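> sequence plus predicted model, see below.
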Amino acid sequence: MTISFLPLSTPTLAVDGLLNLKSLGANAEITAYNPKSGYAYTVGGGSGAIIVIDLRNPTAPSAVGKGTPSITGQTLQSAAVFGNLLAVAAQNVIKTSPGTIQFFNVTNPALPVHISTVEVGALPDMVKFNSDGSKLIVTNEGEPNDESGTLNDYTIDPNGSISVINTSAYLAATPIAPLQADVKTIDFSAWNNRKAELINRGIRITGKTGVTTTLAQDIEPEAISIAADGKTAYISLQENNAIAVLDISAAEPKISTIFSAGIQDWDRGSATAKNYSYTLSYARGNSNLPTGVQAGGLSGLTFSGTETIDGKSLDIYYSITDRGPNGAIVDGKRQFLDPTFQPTIYKLGMDRTTGAITELSKLGLKRTDGIALTGLPQLEGKDDIPVNSVNAAIAYDPFGIDSETISIFDVTIGGTSRKVFAVGDEYRGQIALFDFTTGNLIQRFIPAGQKALLATQHNKNGATPIGAETIDSLPAIYGNRWSNRGIEGMAYNSIDGLLYAFVQSPLDVDSNNDGKVAERSKSELTRIL
């Protein structure tokens, strides 16, 4: 199948700046404009025709030529032009079979001359030259058959793919038309075993049972954008709500990653936010506020209904501090400007009418025996190395916590129902439950194996403070988090009684299985516990 171009016996002139291509038996969807000649080439899905438009005088455009394929019913999908080379994507009559890219010389821009045809993937859609014209990128959508109303509807689903065609030889003093050997086509088969991962990352993989059996079949590449340096192409995967990143810097193209385009829920309207300023007392008392340190450092926040206080209805929030005021990192060691800082929960009331916020009370977190917790790290070798403001070493705290997030609920422990604060710890994968009234620790849940580490490191003369309150029941792999990148957020579902905890970053890799992180993970996934 070859497209043949013929001049129009009578050019079609624009009326009020608009060219009507319907009279020429054509549609207008994709236009390739050549700034070198001032001509454009327009195709439209389903019309099987490409129109040559003279735009040398933009105020009076005219259609001067038409190209039609030799096979009736052939669909032309897209076009791109660079210098004297025009590329046109043509769908196979059998949509699920390989399509073609036809190349034309446009030395005479009004009458393109066919020079070569190459085969690409099923249903070639967009075509785009890179900035220097040395490569042509083609997205092969690979749609399933859809002969609606027949038994053949959606019985074949080819792989979506991307073709990279080397067109550099056409830039030589003696141009050589692109050949089949210049085509490199890559599909998504290498990603088939990562289907669950991509779905978890927000990429839509649906398909049809019994027909679309692989991820590579379900992916349908569409639009192309090429980076300015010419080394990377970004491919939209229209049915998958995703973008594929294509490395075109080497002889063999490679799909380096696939990421979701994201989801926006507009059903409830657009969210707004407003800042409210208020004065917060220092958790350990204003008289103990270190010089140069500002009171504050709140992390998590949870809404707890309304209360009437002094005749005013206030929205009630509980917020928690983090581990206390940080200093600089010196020689890989973390300065703690207030080593005895006690992580504290604040009860705040907000007047919706005025926006005024009042600190109603505060509750310091404590061990089971009522001894104040600190924000110091727990484990040597896994947590920050603590020093004070003059860089003197500080002892690790077996119950220290970098409190980051807070939830409130009732829980039954030992047959007794208690109201608790659940606090997530950024130091590690740890969730601790504190009594709502006293602030005393009730239980804390940590990764398997870390209880023994704590007991060993904090053993003095055969005794350790680590007891039954410490439960190492979380999966051991949660111990492989980045330093100081543990539980960042939590959400409690009062309907099903589940607490969801969100790990801040991808987990590291303990490849030598010695309990210490050996290497940084290249994973892009974070965990929800």
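Arrived safely, thanks for sending. Just so it is clear, the structure is predicted and the values come from calculations on it, not from any experiment.

> hang on, Ala422 packs against Ile431?
Yes: assessed by CB atoms under 8 Å, Ala422 is found in contact with Ile431 at 6.0 Å. For glycine as for every other residue, the C-beta is placed from the backbone atoms N, C-alpha and C.

> which residues do those two both contact?
Shared contacts of Ala422 and Ile431, defined by CB atoms under 8 Å, 6 or more residues apart in numbering, comprise Met490, Leu499.

> for the longest helix belonging to the chain, name the packing helices and strands.
Longest helix in the chain, counting residues (DSSP state H): helix 450-457. Counting contacts by 3 or more CB pairs under 8 Å, 6 or more residues apart in numbering; DSSP states H and E, helix 450-457 packs against strand 470-474.

> adjacent strands (with direction) for the strand it packs on?
strand 441-447 (parallel) (DSSP bridges).

> so where's the protein shaky on pLDDT?
1, 45-47, 73, 147-152, 296, 510-521 (pLDDT under 70).

> where do the helices of it begin and end?
Going by DSSP H, the chain shows helices at 195-200, 215-218, 450-457.

> isn't Gly332 up against Asp384?
No: between Gly332 and Asp384 no contact is recorded; they are 9.1 Å apart, counting by CB under 8 Å.

> the two - which one has more neighbours?
Asp384 (20 against 7; other CB atoms under 10 Å).

> who does the residue nearest to that one when sequence neighbours are not counted bridge with?
Among residues not flanking Asp384 along the chain, Arg334 sits closest, at 4.0 Å (CB to CB, 6 or more residues apart in numbering). Beta bridges link Arg334 to Ile329, Pro386, judged by DSSP bridges.

> run the angle between the longest helix of the chain and strand 470-474 for me.
140 degrees (axes from the mean of the first three to the mean of the last three CA atoms, to 10 degrees).

> buried sites along helix 450-457?
Gln450, Lys451, Leu453, Leu454, Ala455, Gln457 (16 or more other CB atoms under 10 Å).

> Leu171: what's it in contact with?
Gly83, Asp132, Gly133, Ser134.

> hmm, 10 Å instead?
Phe82, Gly83, Asn84, Leu85, Asp132, Gly133, Ser134 (CB atoms under 10 Å, 6 or more residues apart in numbering).

> kindly report the same for Ser260.
Contacts of Ser260 by CB under 10 Å, 6+ apart are Leu198, Ile199, Asn200, Arg201, Gly202, Ile203, Arg204, Leu237, Asn240, Asn241, Ala242, Ile243.

> with distance to Leu289 added, can I get the buried residues of helix 450-457 in TSV?
As requested, these are arranged in TSV below (distance: CB to CB, whole Å):
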residue	distance to Leu289
Gln450	33
Lys451	35
Leu453	34
Leu454	31
Ala455	35
Gln457	31
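
> which of the residues you listed sit farthest apart?
Spatial extent of the buried residues of helix 450-457 (CB to CB) is set by the pair Lys451 and Gln457 at 11.1 Å.

> now the common contact residues for these two.
With CB under 10 Å, 6+ apart as the test, Lys451 and Gln457 both reach Thr464, Ile466.

> now stretch 67-75, how far from the centre of its chain.
Distance of stretch 67-75 from the chain centroid (CA atoms, centre = their mean, to the nearest Å) equals 41 Å.

> end-to-end on it?
From the first residue to the last, stretch 67-75 extends over 12 Å; the measure is CA to CA, to the nearest Å.

> to Gly324, which of the helices of the chain lies closest?
Using CB to CB, the helices of the chain put helix 450-457 closest to Gly324, at 20.7 Å.

> what's near enough to touch the closest residue to Ile263 other than its chain neighbours?
Nearest residue to Ile263, sequence neighbours excluded (CB to CB, 6+ apart): Gly202, at 6.2 Å. By CB under 10 Å, 6+ apart, the contact set of Gly202 is Asn240, Asn241, Ala242, Phe259, Ser260, Ala261, Gly262, Ile263.

> out of the residues you listed, grab the one that's most surrounded.
Asn240 (25 neighbours).

> if I look at that residue, how far off is Trp191?
Distance, Asn240 to Trp191, using CB to CB, to the nearest Å: 11 Å.

> mind listing the shared neighbours of those two?
Common contacts of Asn240 and Trp191, defined by CB under 10 Å, 6+ apart, comprise Leu198, Ile203, Ile205, Leu215, Ile219, Ile258.
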